[in-house]
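Chemist: task: produce atomic coordinates for the following.
(one chain, ligands or ions: 3)
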Amino acid sequence: LKTKQTSQIFKFLKIIISSLLITVLLLFTIAAIRTLSLDVNAGLQLAHWEKTNNKSLVIDHHQREELLANFKEAIRIPTVSFSNTESNTTALHEFDRFLRKAFPTVFSSSLVHHELVANYSHLFWVKGSQPELVPYMLLAHIDVVPASESDGWEAPPFSAKEIDGFIYGRGTIDDKNSVMGILQALEYLLLKGYAPRRGFYIGLGHDEEISGLNGAMNIVRILKQRGVQLLFVMDEGLTISDGIIPGLEGPAALIGLSEKGQAVIKLSVSVAPGHSSMPPRETSIGILATAVKRLEDNPMPRLFGYGPEGDTFEHLAHKFSLPLKFIMSNLWLFSPLLSRILERKPVSNAFVRTTTAVTFFNAGVKINVIPSLAEAYVNLRIHSAQSVQEVLDIIKDTVGDQRVKVELVDGFDPLPISGADDKAFGFQIIKKTVLDLFPTVTVAPGICIGNTDSRHFVDLTKNIYRFSPAWFKPGDPERFHGINERISTKNYEEMIVFYFNLIQNCDIRKLPEPHSSVHEL
Ligand SMILES: CCCCCCCC/C=C\CCCCCCCC(=O)N[C@@H](Cc1ccc(O)cc1)C(=O)O
Ligand SMILES: [Zn+2]
Ligand SMILES: [Zn+2]
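Modeler: Ligands and ions are numbered 1, 2, ... in the order given. Prediction:
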């Protein structure tokens, strides 16, 4: 009987093991097929684009000197947004005068209508010859975050000093490179006698760094009053990353299809004040500190793959070497593994989850007084698959202490996800313009981890893209709002050429049929 039982157990085990083996083999085969076949970059590049007589831009020595002098002058004007209530309005005013001097053709052309919005923001309308073509809009902002040389800058932050081919200064990558690049490109186009077929707007906000509540929001209000609908909007955001994404061979241009949401949450603890010689077992500071520690010890859940970030890696998969190529091509199987790799670094962790940053902690009035109130502010950047309400609920649960009051101060849900398929005009035009100028770059959809003025434009278009053709190499993401912000003179010139070409590329009436359907015909 025993032998019979043993042989039955063996038989059962054999079935289990062979089923497991077959499942693993099957999964492996599917994964291998996907690794070999996933080529999300095929498509419109090989298709026939409508013929246009695009003008080309070859920058001569004199133009180079002039465009760099213009750019440096822009950097030297300290258009700082200090806080929600304090901006350098003198500098913003000076910047207006400077723009008129630097781009005389833009400001005098009969094709261009310019107006000031909320005193310091600029709205340009460049009239197209074919009014039936839906206009698009380019956005950038003229304000910058504060900078102090004593933080360790190699050159004073408003000096625009050139060191080894790089111009240093606040605003060189955020965002005066786009402001100046767009207007310089338009100046050159107009000087060459260009008149667009498709009309377009340029919006230059003056308070993006403090949420764009005056600049961008008023530009949107004006456009809405005029009944404007936009084909697409392109704003700052993601860039060309070269050597930033571990394991990726070659540079990648990530075009932000969306941006994370945001919540500002206030935590506060109120207790009776008293003499420090008779302290209670827990003070307001101690209770609040424990709550903050709980939030830092319990990050928000991993959501990698539930938002557009999954698409990013699928698009880039073929540029990784094995085994990463295999993993990236099969996120359906490996998302949990990849999440754990990505969450190790702050920059990639931002793509995995809603991030939690405690940015203010205030308490105490005097050395010998038990403080009656302790407050902290938490800034959360919300993953595409979560909402403000869900995040608030999780924070309350994690804090788990009735003595800590949890209040939502401000917040907005993650932005809608713009299209990136063969029919997405803005995405395909940006992609084509990048590839024409930088053929070795892989273009992929991405998600912008910070917020931009473009978030105010959701009622004017479903297609918002966050991208500028600045090159980010290792160490560069830290320069963003950090020290030694800089751009190479070569890259600044490339940006001008990029906008020069992009504006002309937008003149096609419609996108070509994708390559695959051309074949089928
Ligand atoms: C694994 C893939 C790695 C890809 C490398 C990505 C590098 C990222 C580098 C820089 C971050 C990009 C930030 C984009 C723009 C952010 C603009 C900004 O700082 N906005 C502020 C202020 C703001 C503006 C508008 C609003 O409506 C709200 C706030 C912000 O705090 O987000
Ligand atoms: Zn910016
Ligand atoms: Zn910024």
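Chemist: near ligand 2, which residues of the stretch 51-200 of the chain show up?
Modeler: Within the stretch 51-200 of the chain, the positions lying close to ligand 2 (C-beta under 5 Å from the ion) are Asp174, Asp175. No exception for glycine: its C-beta is placed from N, CA and C like everyone else's.
Chemist: one more time with 6 Å
Modeler: The stretch 51-200 of the chain has residues His141, Asp174, Asp175 near ligand 2, with proximity defined as C-beta under 6 Å from the ion.
Chemist: pLDDT at the second one, what is it?
Modeler: Spelled out, it's Asp174. At Asp174, the pLDDT value in this model is 97.
Chemist: what sits against it?
Modeler: Contacts for Asp174 were tallied using C-beta atoms under 8 Å, 6 or more residues apart in numbering; they are Val144, Val145, Glu236, Phe480, His481, Glu485.
Chemist: need the contact list for the fourth one.
Modeler: It stands for Phe480. Phe480 sits next to Ile173, Asp174 when contact means C-beta under 8 Å, 6+ apart.
Chemist: quick check: phi and psi on it?
Modeler: Listed backbone geometry of Phe480 is phi -70, psi 110, with angles given as degrees, to the nearest 10.
Chemist: do the last one as well
Modeler: Backbone torsions for Glu485, taken as degrees, to the nearest 10, come to phi -60, psi 130.
Chemist: check what pLDDT the residue lying closest to it once chain neighbours are set aside gets.
Modeler: For Glu485, ignoring the flanking residues on the chain, the nearest one in space by C-beta to C-beta, 6 or more residues apart in numbering is Arg479 at 4.6 Å. At Arg479 the predicted local confidence, pLDDT, stands at 96.
Chemist: double-check Arg479 against Trp471; I have them as touching.
Modeler: No - at 12.0 Å, Arg479 and Trp471 do not qualify as touching, with contact defined as C-beta atoms under 8 Å.
Chemist: so can I have JSON lines of the residues of the stretch 51-200 of the chain next to ligand 2 showing secondary structure?
Modeler: Conversion of these to JSON lines gives the following (DSSP: H, G, I helix; E, B strand; the rest coil):
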{"residue": "His141", "secondary structure": "strand"}
{"residue": "Asp174", "secondary structure": "coil"}
{"residue": "Asp175", "secondary structure": "coil"}
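Chemist: the residue nearest to Glu485 and Gly274, how far apart?
Modeler: Applying C-beta to C-beta, to the nearest Å, one obtains 47 Å for the distance of Arg479 from Gly274.
Chemist: so between these two, which is more surrounded?
Modeler: Between Arg479 and Gly274, Arg479 has the larger neighbour count (other C-beta atoms under 10 Å), namely 17 against 14.
Chemist: check contacts around that one.
Modeler: Contacts for Arg479 were tallied using C-beta under 8 Å, 6+ apart; they are Ile173, Glu485, Arg486.
Chemist: okay, it and Val434: tell me how far apart.
Modeler: As it turns out, when the distance is counted by C-beta to C-beta, Arg479 lies 22 Å from Val434.
Chemist: quick one: which of the contacts of Asp174 is most hemmed in?
Modeler: The most crowded member of those is Val144, carrying 27 neighbours; neighbours defined as other C-beta under 10 Å.
Chemist: so the single nearest residue of the stretch 251-400 of the chain relative to ligand 1, which of the three states?
Modeler: For the stretch 251-400 of the chain, the residue positioned closest to ligand 1 under C-beta to the nearest ligand atom is Ser348, at a distance of 4.2 Å. Of the three states, Ser348 takes helix according to three-state DSSP.
Chemist: who's in contact with it?
Modeler: Contacts for Ser348 were tallied using C-beta under 8 Å, 6+ apart; they are Ile245, Leu342.
Chemist: repeat that with 10 Å
Modeler: Ser348 makes contact with Ile244, Ile245, Pro246, Phe304, Glu309, Leu338, Ser339, Ile341, Leu342, Ile449 under the criterion C-beta atoms under 10 Å, 6 or more residues apart in numbering.
Chemist: neighbours of the nearest residue to the first one once chain neighbours are set aside, just the number please.
Modeler: The one in question is Ile244. Take Ile244 and drop its neighbours on the chain: the residue closest to it by C-beta to C-beta, 6+ apart is Phe472, 5.8 Å away. Neighbour count for Phe472, taken as other C-beta under 10 Å: 20.
Chemist: confidence score at Phe472?
Modeler: What the model reports as pLDDT for Phe472 is 96.
Chemist: got it, and Ile30?
Modeler: Ile30 carries a pLDDT value of 64.
Chemist: in contact with whatever residue of the stretch 351-500 of the chain ends up closest to ligand 2, which residues?
Modeler: Closest residue of the stretch 351-500 of the chain to ligand 2, C-beta to the ion: Thr452 (6.6 Å). By C-beta under 10 Å, 6+ apart, the contact list for Thr452 reads 139-141, 175, 205, 208, 212, 216, 233, 235-237, 256, 259, 415, 464, 466.
Chemist: which of these fall in helices?
Modeler: The helices in this structure, assigned by DSSP state H, contain Ala216 from the contacts of Thr452.
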